[in-house]
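**Q** Curious how this folds, go ahead:
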Amino acid sequence: SVESVRSTASQAPVLWRFASGAAAFGIFVDSERCWVGNQNGDVYTVTHGGTVTGRFRLPDGVKCIVADDFWIYAGADDGKVYDLSGKVPRVAYEIADDVDIYWLDIHDGVLGVSDRAGRITTIDHEDEFQWARKGQGEYAWMVRCDDDAVYHGHSTGVARYDAADGKPVWESGVAGAVLFGWQEADSVYAGTGRGTVHRLAKSDGRTEAVYRCDATVFSCATAPGGRYVFAGDNHSSIYCFDQSGERLWKLGTGCGSAFSMQYLDDRLYIVTTAGTLACIDATEEAIRAAQAGTVPQAVDVKAAAG
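**A** Just a heads-up that it's a prediction; the model follows:
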């Protein structure tokens with residue numbers, strides 16, 4: 001169950017917002033466009049300027065969207081992963097009918113899948129099973145993959161497994177259930193149910209920094225290299241911290257709590273409990289103005305316009 005309440009913080013500088021029609025977990029943003037996937041099974045593409053350019057309809061709710069080179073994949077609640085690179089969706093990976101996919105990551109053609117039961121599964125580019133493990137907890141909302149490892153976050157912490165054979169490397173019991181994960185070159189970030197984001201060293205799982213929010217953290221992301229760390233809580237607020245953990249600002253979304261987020265080119269993109277894909281101006285000037293009570297008039301994007 002998910003509880004989201006209205007933020008009491010000042011309004012963030014939202015440039016545009018698009019109502020997808022249902023609660024939205026899936027987001028992917030690259031240099032060309034933004035993708036949003038919702039619990040109705042709708043996936044939309046939107047330009048950085050806020051124009052809807054495409055729509056796919058999948059047979060079940062979409063929790064996550066990932067990319068590998070020019071391939072785009074969406075994980076759905078029917079236990080399948082769909083390739084959205086063409087004009088119509090096609091099934092690229094079949095996990096299992098009884099698997100509730102919570103999150104996906106993909107690296108060099110190998111797909112990592114975390115699910116409701118707390119399992120982690122890897123599948124290669126030919127849709128062949130590689131290995132699977134049951135984690136220490138349940139509700140695995142985090143999976144991140146790199147050359148050497150798969151990082152798995154669930155209700156009791158974060159674990160690292162060897163990418164080749166799934167051998168456990170370390171386990172870290174962070175404070176509270178892990179509800180979201182992010183990675184940089186040398187660190188993984190885990191947002192928790194106790195209002196914190198933990199930065200863990202990939203090498204040994206030690207905590208390098210803790211970023212403290214005021215409520216349950218639904219999502220997190222970083223600027224390149226971890227220069228800034230962003231978080232979204234279940235009170236419809238978003239936060240920005242410096243690398244060391246100092247809070248720089250907290251602002252309200254005005255459109256629900258951020259289930260997922262991604263930062264690109266001084267903009268923070270979020271998808272929310274209300275089903276909104278929103279583009280937030282994260283420049284220092286725009287944030288200072290918002291803290292002083294001056295924000296731009298957000299453009300409400302319509303699907304029909306695309």
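
**Q** avg pLDDT for the helix or strand hosting residue 63?
**A** Assigned by DSSP states H and E, residue 63 belongs to strand 62-68. Averaged across strand 62-68, pLDDT comes to 93.

**Q** Need the residues that contact that strand.
**A** With C-beta atoms under 8 Å, 6 or more residues apart in numbering as the test, strand 62-68 has contacts from 25-28, 30, 35-39, 41-43, 72-77, 84, 101-109, 260. To be clear about C-beta, it is placed using only N, CA and C from the backbone, and glycine gets the same treatment.

**Q** buried ones in it?
**A** Neighbour counts using 16 or more other C-beta atoms under 10 Å place 62-66, 68 of strand 62-68 among the buried residues.

**Q** neighbouring strands for the helix or strand following it, and are they parallel or not?
**A** Going down the chain from strand 62-68, the next helix or strand is strand 71-76, by DSSP H and E. Here strand 71-76 has these sheet partners by DSSP bridges: strand 62-68 (antiparallel), strand 80-83 (antiparallel).

**Q** The nearest residue to residue 45 once chain neighbours are set aside: neighbouring residues, count only.
**A** Spatially, and ignoring its direct neighbours in sequence, residue 45 is nearest to residue 54 (4.1 Å; C-beta to C-beta, 6 or more residues apart in numbering). When neighbours are defined as other C-beta atoms under 10 Å, residue 54 has 13 of them.

**Q** Verify the stated contact: residue 54 with residue 47.
**A** No - assessed by C-beta atoms under 8 Å, residue 54 is found out of contact with residue 47, at 10.3 Å.

**Q** if we can go back for a sec, make a PyMOL selection of the buried ones in the contacts of strand 62-68.
**A** Entered in PyMOL, the line below selects the buried ones among the contacts of strand 62-68, by 16+ other C-beta under 10 Å:
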select buried, resi 25+26+27+28+35+36+37+38+39+41+42+43+72+73+74+75+76+77+84+101+102+103+104+105+106+107+260
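
**Q** Can you flag which of the contacts of strand 62-68 belong to helices?
**A** Among the contacts of strand 62-68, no member is found in helices (DSSP state H).

**Q** so where's the chain shaky on pLDDT?
**A** The chain contains residues with pLDDT under 70 at 1-2, 175, 304-306.

**Q** In it, what residue spans correspond to helices?
**A** Going by DSSP H, the chain shows helices at 284-291.

**Q** Report the central residue of it.
**A** residue 260 (3.8 Å; C-alpha atoms, centre = their mean).

**Q** so that one bridges to which residues?
**A** Residues in beta-bridge contact with residue 260 (DSSP bridges): residue 271.

**Q** From residue 170, how far off is it?
**A** Residue 260 sits 26 Å away from residue 170, going by C-beta to C-beta, to the nearest Å.
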